[in-house]
Every structure is written in C-alpha cells, then in structure tokens.
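A.B. asks: here you go, sequence then predicted model.
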Amino acid sequence: MSTCIFRQLTKPTRTQGSMDRNPTVAIRNPENQTPPKVAYKPHTTHWYPDGNLIVIVENTAFRVFQSFLTRRSGIMKSALAVTQPQRSNNTESPIRVWRDKIDGISVVELDDSAIDFGLLLDVVFPQTCATGIISTQTEWDRLLGLARVAQKYGIADVVSEVIEVLEKVLPTLKRPHGTWSTVDAVRIIHWARHCGFHQFLPMAFYYLATGEWEFDKVDWQAMESLSLRDRLRAQQGLAKLQATVVRLALSRWENYPIGGSKPGTSCPDWHLECWTGYGGKIWPTSDNGTRWTNLLMHPLEELQMRADGKVAKLSNICAPCRKAFVAANKQTMTNIFKELATFFTLEDERVPFGASQAP
C-alpha cells in the first residue's frame, strides 16, 4: 500500500473499446512534478454507472451504492459518516477516504484483496450472481478470502454462513475428511490464526506434521513461513502422535507380529481359516512393512483405508473377525481424534490446542 493515500484525481476516462459503464479511473501522484498516470481497472461486474461510491482495492475500482455497504457493515458506516478532516487523518483505519472526489463521488481505498472484496460484493449484491457464492461448490480458498474480508468489516451473517460451509469442506476434529497437502495445511493455519477460527487448526497441523515436506522445496518454503514455535509444534505433534499409535495399535494381531498372529479366543466361531493364522489373509505378507510404516506416518488415512477395506480385504477370515477388525480400527481412529489437540499443545499453553483461547 502506498504511503501516499490521498491523490489528485482526474475524471474517469474511457479506454479504446471500453463500454460506458467501465471507464478507466486515472489518478496523478502529487509527489512528482511530472507524474505518470496510474490507472485502476473497473471491476467487470461491480461498476454501476449510477453508483455513488468508488472503492479502490489494489488496482481495481468498484463503483457501488454506499447504502448497500453501510447497511451491512457498521464499520464502513462509521468510517464514511465522520467529518472529512477525521477521515483524511485516520491512517490506522482499514478504510482510507480520499480528499478528492470523482464527479462529486466519494472515493475510498481498502487494503484488501480485490478478488476477496469482489466476492463480498457478490454476496451483498446477490442479483449479480446466477448461483450462490457461499456453497460447497465454491473453491475453499476463495471462501477463506470471503470469510476474512467479511469478518474485517463486521458482516457477521456472511462470516457465519461461510464458516458453516467451510466446516463441511475443510477437515476438523468433528469432520476429519479429505487429505490435504502441506502447502494447503499452511494456508489454512495462517488463515485460521489471522481470523481466530481455531477449530480448523488441529487437523491442519496433523496434515502438516504427517506431510513429507522435507523432500519438497515448495513444501519446505511453506513450512518456513510459519513461526519457529509452530514448526516446533508440528515436530512435537508428530512424535506424540506416533507414540500414541504404537501404544494403541502395536498389540493388535494385524500389527504384531505384523499380520501373522492367530486369533485365539478372539474368533467367536473358532473358524478354521482364522485359526490357521491371519498371515497373508488381510493383505499380502510382503505388504506388512508398508502397512506398518504407513500406520506410523499417516495413521488416520491408513486406519480409514483398513476400515473401508481398501487395503485389507479380509475375505479369507470369518464374518465376526472381519467385523471386529473394522470396529477396532475405527475405535483407534476415535481415540486418536480425542487426543489429537493435545499432541500439538506446547508445555506453556494452558488450554488444549484448537480451543478458542489458543494462541
């Protein structure tokens, strides 16, 4: 954001081939004697010829109706209601009101993403969109931006709607679905911390901790964008997670001895196929090492695949043993979820990580 917030403006001009509703807003910087013109591209949707407020976001100009914004945002209403001297000197406000106007229309500048603000206007002016923006059909990263800008300007109903959708899309302890890359996990962490949506943090740190980021340059750069404290949190969380997996899973017959023990009294029917041993019946014995390694490195994914029969066919053991196998793996997942937040809680933190009071 330029330190020169208030600039001398020229009237909107039309570029060659532009339409009347999409003029180019050109301004001159008064700090230079012979300044080049800086052009702001009008938004393709939210430039209304009869609008009474111009909003500059990055290099995009929006011409909108002030009443629509101020009815939804008390923050914008307060910023636009004060006297002109107060507006021009309030450099701490997220809303900069320019001293100069364009054809008598007030101009404000926001320190936001033009894409995010455009999405917010799509919600404020719903008649401009054929389908609802706040839905599971919208890319999750766009919804992150919408939630951020709506929260910034105090539009609580939009924030609530977006979070409700994101909780169906992003993994949480209540809905631990999907598999996420290290880079995506870092993006979610930064967003959740900035906006205070801590319910998304534990699972994001799970995917960060279990990701093989040290072998990927892009993932490593994402990791470096986190604080040293959060990098420690991820490493500590992985160690505690693996220790818990060993405690919960090592005694299971499919894990120790790896895929080779007999059920003993665990088979209610004393089925002959079960009694001769499980080895090679749930997966090939050559896969034993892979299955155990994956259970240590990606426990939730591995346990889910076992319960779903994607890596354990169990076709050669009796129905009661298959049912017990699935139930045991699901219970191990449940136990891990119960403890997951504590894995990423550092010693000097008083509440479990992911709670609303968490740092």
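C.D. replies: That came in fine, so what should we check first? Because the structure is predicted, anything quoted here is derived from the model rather than measured. Numbering: from 1, shown residues only.

A.B. asks: do a quick rundown of the helices in the stretch 51-200 of the chain.
C.D. replies: Under the criterion DSSP state H, counting those that start in this stretch, the stretch 51-200 of the chain contains helices at 66-72, 74-81, 84-89, 114-124, 140-152, 156-169, 182-195.

A.B. asks: now those helices in TSV, with mean neighbour count and distance to residue 233?
C.D. replies: Every C-beta, even on glycine, is put in place using the N, C-alpha and C of the backbone. Output for the helices of the stretch 51-200 of the chain, formatted as TSV (neighbours: other C-beta atoms under 10 Å; distance: least, C-beta to C-beta, whole Å):
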stretch	mean neighbour count	distance to residue 233
helix 66-72	16	37
helix 74-81	16	33
helix 84-89	12	41
helix 114-124	21	28
helix 140-152	21	21
helix 156-169	17	22
helix 182-195	20	10
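
A.B. asks: reformat those helices as JSON lines; add distance to residue 240 and mean pLDDT.
C.D. replies: Converted to JSON lines, the helices of the stretch 51-200 of the chain look like this (distance: least, C-beta to C-beta, whole Å; pLDDT from 0 to 100):
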{"stretch": "helix 66-72", "distance to residue 240": "44", "mean pLDDT": "90"}
{"stretch": "helix 74-81", "distance to residue 240": "41", "mean pLDDT": "85"}
{"stretch": "helix 84-89", "distance to residue 240": "51", "mean pLDDT": "43"}
{"stretch": "helix 114-124", "distance to residue 240": "36", "mean pLDDT": "93"}
{"stretch": "helix 140-152", "distance to residue 240": "28", "mean pLDDT": "95"}
{"stretch": "helix 156-169", "distance to residue 240": "25", "mean pLDDT": "94"}
{"stretch": "helix 182-195", "distance to residue 240": "17", "mean pLDDT": "92"}
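
A.B. asks: can I get those helices in CSV with distance to residue 46?
C.D. replies: Supplementary listing: these in CSV, determined by distance: least, C-beta to C-beta, whole Å:
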stretch, distance to residue 46
helix 66-72, 10
helix 74-81, 15
helix 84-89, 22
helix 114-124, 5
helix 140-152, 14
helix 156-169, 16
helix 182-195, 24
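
A.B. asks: nearest to residue 203 among those helices would be which one?
C.D. replies: Nearest of the helices of the stretch 51-200 of the chain to residue 203, taken as C-beta to C-beta: helix 182-195 at 8.5 Å.

A.B. asks: with only the CA atoms kept, save that closest one in PDB.
C.D. replies: The C-alpha atoms that make up helix 182-195 are tabulated as PDB, following Å, rounded to 0.1, in the frame of the first residue of the first chain:
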ATOM      1  CA  THR A 182       1.500 -29.500   3.300                       C
ATOM      2  CA  VAL A 183       1.100 -26.200   1.400                       C
ATOM      3  CA  ASP A 184      -2.700 -26.200   1.800                       C
ATOM      4  CA  ALA A 185      -2.300 -27.000   5.500                       C
ATOM      5  CA  VAL A 186       0.000 -24.000   6.000                       C
ATOM      6  CA  ARG A 187      -2.500 -21.700   4.200                       C
ATOM      7  CA  ILE A 188      -5.300 -22.900   6.500                       C
ATOM      8  CA  ILE A 189      -3.100 -22.400   9.500                       C
ATOM      9  CA  HIS A 190      -2.300 -18.800   8.500                       C
ATOM     10  CA  TRP A 191      -5.900 -18.000   7.800                       C
ATOM     11  CA  ALA A 192      -7.300 -19.700  10.900                       C
ATOM     12  CA  ARG A 193      -4.800 -17.800  13.100                       C
ATOM     13  CA  HIS A 194      -5.500 -14.500  11.500                       C
ATOM     14  CA  CYS A 195      -9.300 -14.800  11.700                       C
END
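
A.B. asks: tell me the helices and strands packed up against it.
C.D. replies: helix 140-152, helix 201-210, helix 217-224 (3 or more C-beta pairs under 8 Å, 6 or more residues apart in numbering; DSSP states H and E).

A.B. asks: alright, I will stop here.
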